[in-house]
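when you get a sec, could you give me coordinates for this:
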Amino acid sequence: MSDVGKALKCLAVLMAAHGLAPRPAGAETLAEFYAGKKIQLAIGFGSGEAYDTYARLLARFMPNYLPGKPLFVPQNMPGAGSLNAANSIYNTLPRDGTVFGTAHRFVPLMPLLGVQGPKFDPLKFTYIGSMNRENTVCVSWKASGIASIEDAKTKEFTVGTTGAGAELTTFNATLQRLLGLKLKVVSGYKTSQEVNLAVERGELQGRCGVSWGTLKVNEPEWLAGKKINVLIQLGLTKDPELPDAPLFGDLVKDPRDRAALELMLAPAEIGRPFFGPPGIPADRVAALRAAFDAALADPALVEEGRRQRLDIAPVSGPAMEALVAKAYAAPAAVVERAKELVGNSGGN
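Numbers count the residues shown, from 1 in each chain. Down below sits the predicted model:
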């Protein structure tokens with residue numbers, strides 16, 4: 001090889017080491033690809049729900065950090081415990097980096113635990129990042145006569161869900177099996193807001209599996225007026241704002257059941273997840289993740305979140321990916337017990 005050839009080879013190695021390798025002739029840059037494009041942001045919830053509010057906040061700031069500054073277009077796709085959106089992202093929407101979205105944090109665990117409805121492999125989603133970590137809670141309306149978990153063990157407690165695919169968002173069957181709660185489950189509500197309205201009208205006595213952050217965003221008057229009782233927290237660690245509400249795991253003594261619960265509650269660590277379909281080109285994945293991280297670090301986004309009562313505690317895409325992989329590597333006995341606990345709650 002000539003001296004010139006050796007020098008060019010050395011230069012190429014140095015450029016590659018610093019991420020500056022020349023692109024193939026005719027290849028689009030990220031800015032060229034995204035310029036003038038629309039990014040579809042699929043939201044597995046109804047308009048005005050907390051997941052929707054988080055997603056629309058992200059849609060305002062993330063374009064500033066993505067090459068080409070494409071327009072983000074939020075699209076609500078509620079239904080089936082947000083499975084409608086997750087299934088669409090995985091199976092029918094483009095895989096070119098112009099689509100990603102948000103669904104309930106428990107969606108990635110549903111196939112592992114045998115919940116009916118998922119049509120995807122969670123290990124193949126492209127995880128972009130999460131805007132928060134948070135616990136869900138089980139609450140009762142003050143006038144219901146259900147003031148504590150002990151009351152729910154002796155009195156019928158009517159709660160509502162959004163139907164198919166919702167068990168891992170409510171934990172109704174698990175609460176019945178492990179704590180002996182006398183839950184009467186009414187399903188078929190399309191959105192969480194419909195469930196809340198049913199609680200206010202007296203059709204329901206409360207609901208389980210609602211995010212604490214969601215209540216702060218959507219029902220601040222419930223909290224200010226002390227209209228609800230927080231019966232239990234569904235998470236791995238207590239929310240500091242709820243020191244008197246027991247953790248589900250603290251009420252369960254059997255080690256096997258506790259291990260299964262820890263698996264089921266792991267998604268609390270990715271409270272507001274965003275993910276895309278499989279197969280997005282690697283450079284666009286890196287760009288989406290970097291733009292997400294930068295947007296969540298933007299002081300203006302954090303301040304706007306505070307104004308809207310949104311807690312911002314970001315989790316990176318790779319960290320989400322690792323959490324899901326860890327769940328799917330759980331011992332078979334733990335997974336089987338978790339499947340038994342989820343099961344069919346027999347709700348109507």
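
where does the stretch 151-300 of the chain have low pLDDT?
Residue ranges of the stretch 151-300 of the chain with pLDDT under 70: 163-168.

hey, where'd the helices end up in it?
167-170, 172-179, 192-201, 212-218, 220-224, 255-265, 282-296, 299-307 (DSSP state H, counting those that start in this stretch).

Ser316: which of the ones you listed is closest?
helix 282-296 (6.3 Å; CB to CB). Every C-beta, even on glycine, is put in place using the N, C-alpha and C of the backbone.

how about the closest one: buried residues?
Asp283, Arg284, Val285, Ala287, Leu288, Arg289, Ala291, Phe292, Asp293, Ala295, Leu296 (16 or more other CB atoms under 10 Å).

need the max-distance pair from those residues.
The most distant members of the buried residues of helix 282-296, if one measures by CB to CB, are Asp283 and Leu296, lying 20.8 Å apart.

and Val230, which of the helices of the stretch 151-300 of the chain is closest to it?
Closest approach to Val230 among the helices of the stretch 151-300 of the chain is made by helix 212-218 (8.0 Å; CB to CB).

can you list the domains in the protein?
8-133+270-337, 136-267 (automatic domain parsing).

among those, which comes closest to Gly343?
domain 136-267 (5.3 Å).

that closest one spans what distance, first to last residue?
Terminal residues of domain 136-267 lie 10 Å apart, using CA to CA, to the nearest Å.

which non-adjacent residue is nearest the residue nearest in space to the middle of the chain?
Geometric centre of the chain, nearest residue: Arg105, 2.6 Å, by CA atoms, centre = their mean. Nearest residue to Arg105 in three dimensions, chain neighbours excluded: Pro267, at 4.1 Å (CB to CB, 6 or more residues apart in numbering).

now do the one you found against Pro108, distance only.
7 Å (CB to CB, to the nearest Å).

same question, Leu341
18 Å.

do the same with Lys184
29 Å.

so for the two, which residue has more residues nearby?
With neighbours defined as other CB atoms under 10 Å, Lys184 and Pro108 compare such that Pro108 has more, 29 against 15.

for that one, which three-state class applies?
Three-state call for Pro108 (DSSP: H, G, I helix; E, B strand; the rest coil): helix.

once you drop chain neighbours, what's closest to it?
Pro122 (3.9 Å).

quick check: that neighbour touching Leu112?
Yes: the pair Pro122 and Leu112 qualifies as a contact (CB atoms under 8 Å) at a distance of 7.4 Å.

between the two, which contacts overlap?
Each of Tyr328 lies in contact with both Pro122 and Leu112 under the rule CB atoms under 8 Å, 6 or more residues apart in numbering.

can you count the residues close to Glu150?
For Glu150, using other CB under 10 Å, the count is 12.

before we move on, which element is it in?
Element membership for Glu150 (DSSP states H and E) is helix 149-154.

can you give the distance from that helix to the centre of its chain?
29 Å (CA atoms, centre = their mean, to the nearest Å).

try stretch 211-222
On the basis of CA atoms, centre = their mean, stretch 211-222 sits 17 Å off its chain's mean C-alpha point.

thinking again about what came up before, in the helix holding Glu150, what counts as buried?
Within helix 149-154, the residues scored as buried using 16+ other CB under 10 Å are Ile149, Asp151, Ala152.

then stretch 133-144?
Arg133, Glu134, Asn135, Thr136, Val137, Cys138, Val139, Ser140, Trp141, Ser144.

now the end-to-end length of that stretch.
Counting by CA to CA, the terminal residues of stretch 133-144 are separated by 30 Å.

now the helices of the stretch 151-300 of the chain as CSV including distance to Ala27?
What follows is the helices of the stretch 151-300 of the chain, written out as CSV (distance: least, CB to CB, whole Å):
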stretch, distance to Ala27
helix 167-170, 42
helix 172-179, 50
helix 192-201, 44
helix 212-218, 42
helix 220-224, 50
helix 255-265, 43
helix 282-296, 10
helix 299-307, 32
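
looking at those helices, which is nearest to Gly160?
Across these, closest to Gly160 is helix 192-201 (CB to CB), at 4.3 Å.

dump that closest one to CSV, restricted to CA.
What follows is helix 192-201, C-alpha atoms only, in CSV (Å, rounded to 0.1, in the frame of the first residue of the first chain):
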residue,chain,number,x,y,z
SER,A,192,-60.0,6.9,32.6
GLN,A,193,-62.0,10.2,32.6
GLU,A,194,-65.2,8.2,32.1
VAL,A,195,-64.3,6.1,35.1
ASN,A,196,-63.7,9.2,37.2
LEU,A,197,-67.1,10.6,36.2
ALA,A,198,-68.7,7.4,37.1
VAL,A,199,-67.1,7.6,40.6
GLU,A,200,-68.4,11.2,41.0
ARG,A,201,-71.9,10.2,39.9
